[in-house]
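[1] I'd like to go over a predicted model; first the sequence, then the structure.
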Amino acid sequence: MEVPGWFTSEFFEKALRREKGAEDISVKLKDVSRTVNAGTNYSSTLYRVTLVVSGSREVSLVVKTPPSLRFLKEHVVREGVFQKEAKMYREILPSMRQVALERGSGLLSEPLAAGAYDSPRRHAVIMDDLAAQGMSTVDQRRGLDHAHCLVSLRALARFHALSAAVLEQSPGSLDDYLEGYFVPERRDEVKACLDAGFAEMASLVETWHGFEDFAPRLRVVGGAVCDVVIRSRDVGALELPVLTHGEFWAGNLMFGYRADSGKVCKARFVDFQSCRLGSPVLDLHCFLTTSPCDAVRAQGTGDLLKAYHEEMCRAMRTVGCGHRVITLDQLRRDVEDSALYSLLVACTFLNMVLAEPGDLDHLTEENLGPAVDRTRSNPAYRERVQKLLLALSDDGLL
């Protein structure tokens, strides 16, 4: 395992001193390991760092650094992804928590994410280790059972409601998270990119027996998908704009469990690289397309939307935004009207979600193409996409 050369006792000592405002803190770097297996995360590199603080106390932190793939690293540096994520941890999430404390007694008894430190390095995010606090992940390929889905969506509802309150209280405070890609001025450029992606998907789908007729439809769906996303990111036109997580799925969640029963009771978010202002339905589609297990999916997701809506309404009223609550029927219509977004999720990263262990190990620019092809030949991916295509066709959307 290659460890960044700047991972030193002095670096982490500086971070802790800045955070605590205490120059007498001493830090010794004890151990460094990867937090996830190779191939599990490809948009960044995550390390778990064990420190000995002031001679005796051990502290476990997670450090997020740019990805190893050159083109991805160039993207996150160019777009200031890590700075925006650091701002989420250091400014936006604390402001949400402050709103909850001031207006919503009992609304946020648990934080929505890990605490973060003032990193001395521009392209690095330093966070508390949630695993050391008893939180754990789930097997993303198996998906979440009903209880985990409910806990996740209720947490998402609180996140959305608190962001709406922050927007109302300080309208310009979230401007860094305005959409810059899916905008009308760039529609032709974005459509061309989506057309290329859906053309690749069509070439795969036409090799599936009984699904050949979907290939020509996929080749012309890019414009419609583009318009759905542009509409869902148009903050000025939305009835209820919120800060969306952007990649809200099981792999970006950690869970806590009751000591007495072992039942899941809380969820915390990780990975705020893709936060954007927009409609809450984007996070809902991302989650519902990627994360429920087969049993939950077979039962339908109506009760999950209802649970999300109930918690959203409760949270909005608690923080003084009850006048902006939308009805459950309106939420369902918004979800239906934006259903093509689920196709974009399936085209862009559902294959990564369902990838078999080893499929994405040790990615390089040279082996990326074959690795992605392996994930798309996965039977689980084929089955999931086939069901989605049939559902969109039955609804007259494809």
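    Arrived safely. Just so you know, these numbers come straight off a predicted model, no measurement behind them. Residues are numbered from 1 along each chain as shown.
[2] which residues in the stretch 151-300 of the chain form strands?
    Listed in chain order, the strands found in the stretch 151-300 of the chain under DSSP state E, counting those that start in this stretch are 242-244, 253-257, 264-269, 276-278.
[3] any idea which of these is most buried?
    Sort the strands of the stretch 151-300 of the chain by mean neighbour count, taking mean count of other C-beta atoms under 10 Å, and strand 242-244 sits at the top with a mean of 26. Placement of C-beta: from N, CA and C, glycine included.
[4] okay, now the sheet partners of that one, with direction.
    strand 276-278 (antiparallel) (DSSP bridges).
[5] and the lowest-mean-pLDDT helix or strand in the chain, what does it pack against?
    Counting by mean pLDDT, DSSP states H and E, the weakest-scoring helix or strand in the chain turns out to be helix 70-78, with a mean of 82. With contacts defined as 3 or more C-beta pairs under 8 Å, 6 or more residues apart in numbering; DSSP states H and E, helix 70-78 has no packing partner among the helices and strands.
[6] just how off-centre is that helix within its chain?
    With C-alpha atoms, centre = their mean, to the nearest Å as the basis, helix 70-78 stands 18 Å off its chain's centre.
[7] for stretch 166-174, same thing?
    On C-alpha atoms, centre = their mean, the centre of stretch 166-174 falls 22 Å from the chain's centre.
[8] ditto for stretch 204-214
    From the chain centre to the centre of stretch 204-214 is a distance of 30 Å (C-alpha atoms, centre = their mean).
[9] do the same with stretch 320-339
    Taking the mean C-alpha point of stretch 320-339 and that of its whole chain, the gap between them comes to 21 Å (C-alpha atoms, centre = their mean).
[10] how many residues are close by Arg16?
    If you look again at residue 16, you'll see it is Leu, not Arg. Neighbours of Leu16 under the rule other C-beta atoms under 10 Å: 21.
[11] pretty sure it is in a helix, no?
    Yes - residue state for Leu16 (DSSP: H, G, I helix; E, B strand; the rest coil) corresponds to a helix.
[12] ok, it touching Ile25?
    Yes - A contact is recorded between Leu16 and Ile25 when judged using C-beta atoms under 8 Å, the distance being 5.2 Å.
[13] list residues touching both of the two?
    Among the neighbours of Leu16, those also in contact with Ile25 (C-beta atoms under 8 Å, 6 or more residues apart in numbering) are Val53.
[14] residue contacts, Phe7?
    Listed by C-beta under 8 Å, 6+ apart, the contact set of Phe7 reads Leu29, Val32, Tyr47, Val49, Val63.
[15] could you look up the SS state of it?
    coil.
[16] what pLDDT does it get?
    Looking at Phe7, its pLDDT stands at 96.
[17] over to it: give its phi and psi.
    Phi and psi for Phe7, reported as degrees, to the nearest 10, are phi -70, psi 90.
[18] re earlier: contacts for the least confident helix or strand of the chain next, please.
    For helix 70-78, the external contacting residues (C-beta under 8 Å, 6+ apart) are Tyr42, Ser43, Ser44, Pro66, Pro67, Val81, Phe82, His123, Gln273, Glu365.
[19] selecting buried members of those residues in PyMOL, what would you type?
    The PyMOL selection below is limited to those of the contacts of helix 70-78 classed as buried (16 or more other C-beta atoms under 10 Å):
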select buried, resi 42+43+44+66+67+81+82+123+273
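[20] sitting in helices, which of the contacts of helix 70-78 do you find?
    Val81, Phe82 (DSSP state H).
[21] from the contacts of helix 70-78, which is closest to Arg97?
    Using C-beta to C-beta, Gln273 comes nearest to Arg97 of the contacts of helix 70-78, at 20.4 Å.
[22] what about the closest one, distance to Glu74?
    Counting by C-beta to C-beta, to the nearest Å, the gap from Gln273 to Glu74 is 15 Å.
[23] next one: Lys28
    From Lys28 across to Glu74, the span is 34 Å (C-beta to C-beta).
[24] I'd say Leu194 and Ala224 touch.
    No - shown here, Leu194 and Ala224 do not form a contact pair, counting by C-beta under 8 Å, at 9.5 Å.
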